[in-house]
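Chemist: this is a predicted model, with the sequence first.
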Amino acid sequence: MPGKNPPHHNEPVGTASDSSSTGLPDLGTADEPVGTGSHPDSRTSNSAETERAGKEKISPPEQRQEEPGLDRDLKPKADHGERSYKGRDRLSGKRALITGGDSGIGAAVAIAFAREGAKVALAYLPAEQPDADAIGGVLEDAGVEVHLLPGDLRDRNYRDSLIDEAVTALDGLDILVNNAGKQISVQSLEELSDEQVEATFDVNIFAMFALSRAALQVLPEGGSIINTTSIQAFDPSDHLMDYAATKGAISNFTKSLASQAAKKGVRVNAVAPGPIWTPLQPSDGQPIEALPEFGHDTWLGRAGQPVEVAPAYVFLASDEASYVVGSTVHVNGGKNQP
Ligand code: NAD
Ligand code: MG
């Protein structure tokens, strides 16, 4: 299949202990989060090379990347919890597939899940291999299995086989995180092409139908699906018309799917992030001139970091959420919300 199966595809990279032998970057020696304090396990910091943002207010410089954007080139780099997230065995033995798991919110979820004891498989676009390798390196440090499953969710062959690929790689599946998303800012409806509307719906919501349908065939009782919706589902920005509409659809879909899946003992829920600093934003997700002020309109007055969203997914995936069904956890720094 085109774009799939790089050399280490389906090989667990989380079982080796020496990152130099895998060619993966050793993120444990750099990228100390600013403002979050040192992780007890941290080694020598080399933050001059690649400064990683912490939980303080950021004013990113104006910047632009081609879609889908790479965390590697983000200024400042986002905090996925590389140094700070501590697991408490809340997902021991579980097997999770995370779409968009190479960067941003998905990467933070992958690190958190791994440190909570889960085996993880990451789906992402082939162009994002550098980010996937970087997160693979962090997961490797956590000593867990990680499987890399690159491909384009618009490619029906890839989409329709992804759940089976994950089941094969992980020897089963307990958690599906439908997190991949496309967001392109366009100022007016007149400038918004049908092609963009179709692409946004295809990635953001149509793929969720297909992946969830396949997942329900294999998820056991106690399994979980978590969909990434957005504050945009409830408070749409007019320059994100197509994107916001998909997020409204995802929130609605989450409830009907939750009702069906509950009959099988599978819980479906959603997370609705507010403004989170990820590669989505400078790859045309926002107007370039809006980036320095990104997230400053929240009640906390700042954008969130991916690491601050991950605990909501951990909670929803864990057995602690055994009675939480069809719900949405809002993680947005304070904004008007339902
Ligand atoms: P991100 O760019 O790090 O993640 C989005 C991921 O979607 C990409 O890494 C990519 O792997 C995947 N993707 C996009 N198009 C794809 C395709 N055609 N095929 C396969 N994968 C594809 O950005 P993020 O902000 O972490 O986004 C993750 C989710 O969070 C998205 O659903 C996004 O809508 C949602 N979200 C983000 C914010 C925010 O402010 N960053 C706010 C609310 C919701
Ligand atoms: Mg990415």
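Modeler: Ah, there it is. As the structure is a computational prediction, the values presented were derived from the model and not from experiment. Numbering: from 1, shown residues only. Ligands and ions are numbered 1, 2, ... in the order given.

Chemist: check which element follows the least confident helix or strand in the chain by mean pLDDT along the chain.
Modeler: Least confident element among the helices and strands of the chain, by mean pLDDT, DSSP states H and E: helix 19-22 (a mean of 30). Remark: after helix 19-22, the chain's next helix or strand is strand 95-99, criterion DSSP states H and E.

Chemist: what's that following strand in contact with?
Modeler: 106, 109-110, 113, 118-124, 149, 153, 162-163, 166, 170-180, 207, 211, 215, 317 (C-beta atoms under 8 Å, 6 or more residues apart in numbering). The way it works is simple: take the backbone N, C-alpha and C, and place the C-beta from them, glycine included.

Chemist: got a list of what the nearest residue to E62 once chain neighbours are set aside touches?
Modeler: Residue nearest to E62 in three dimensions, not counting chain neighbours: I288, with 5.0 Å by C-beta to C-beta, 6 or more residues apart in numbering. With contact taken as C-beta under 8 Å, 6+ apart, I288 is in contact with 62-64, 282.

Chemist: make a PyMOL selection of the buried ones in these.
Modeler: Listed next is the PyMOL selection for buried residues among the contacts of I288, using 16 or more other C-beta atoms under 10 Å:
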select buried, resi 282
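
Chemist: of all the contacts of I288, which comes closest to ligand 1?
Modeler: P282 (9.7 Å; C-beta to the nearest ligand atom).

Chemist: contact partners for the closest one?
Modeler: 60, 63-65, 69, 74, 288, 291.

Chemist: tell me the secondary structure at it.
Modeler: helix (DSSP: H, G, I helix; E, B strand; the rest coil).

Chemist: tell me the pLDDT at it?
Modeler: pLDDT recorded at P282 is 98.

Chemist: contacts only, for the nearest residue to it once chain neighbours are set aside.
Modeler: Excluding the flanking residues, the one nearest P282 by C-beta to C-beta, 6+ apart is Q63, at 4.8 Å. By C-beta under 8 Å, 6+ apart, the contact list for Q63 reads 74-75, 282, 288, 291.

Chemist: now those residues in JSON lines, please, with extra columns for distance to ligand 1.
Modeler: JSON lines is the format used below for these (distance: C-beta to the nearest ligand atom, whole Å):
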{"residue": "L74", "distance to ligand 1": "9"}
{"residue": "K75", "distance to ligand 1": "15"}
{"residue": "P282", "distance to ligand 1": "10"}
{"residue": "I288", "distance to ligand 1": "16"}
{"residue": "L291", "distance to ligand 1": "12"}
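
Chemist: for L122, give me its contacts.
Modeler: 98, 101-102, 106, 110, 132, 135-136, 146-149.

Chemist: who in the chain is up against ligand 1?
Modeler: Within the chain, the positions near ligand 1 by C-beta under 6 Å from any ligand atom are 68-69, 100, 102-106, 124-125, 128, 152-154, 179-183, 203, 228, 230, 273, 275-276, 278-280.

Chemist: may I see the contacts of I288 arranged in TSV, with distance to P236 as well?
Modeler: Listed next are these as TSV, based on distance: C-beta to C-beta, whole Å:
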residue	distance to P236
E62	24
Q63	25
R64	23
P282	21
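
Chemist: got the contact list for the residue of the stretch 151-300 of the chain found nearest ligand 1?
Modeler: Across the stretch 151-300 of the chain, the shortest distance to ligand 1 (C-beta to the nearest ligand atom) belongs to G181, at 2.4 Å. G181 is in contact with 100, 203-204, 228, 243, 280, counting by C-beta under 8 Å, 6+ apart.

Chemist: what about the nearest residue to V177 once chain neighbours are set aside, distance to E320?
Modeler: With sequence-adjacent residues excluded and distances taken as C-beta to C-beta, 6+ apart, V177 is closest to I98, at 4.3 Å. According to C-beta to C-beta, to the nearest Å, I98 and E320 sit 19 Å apart.
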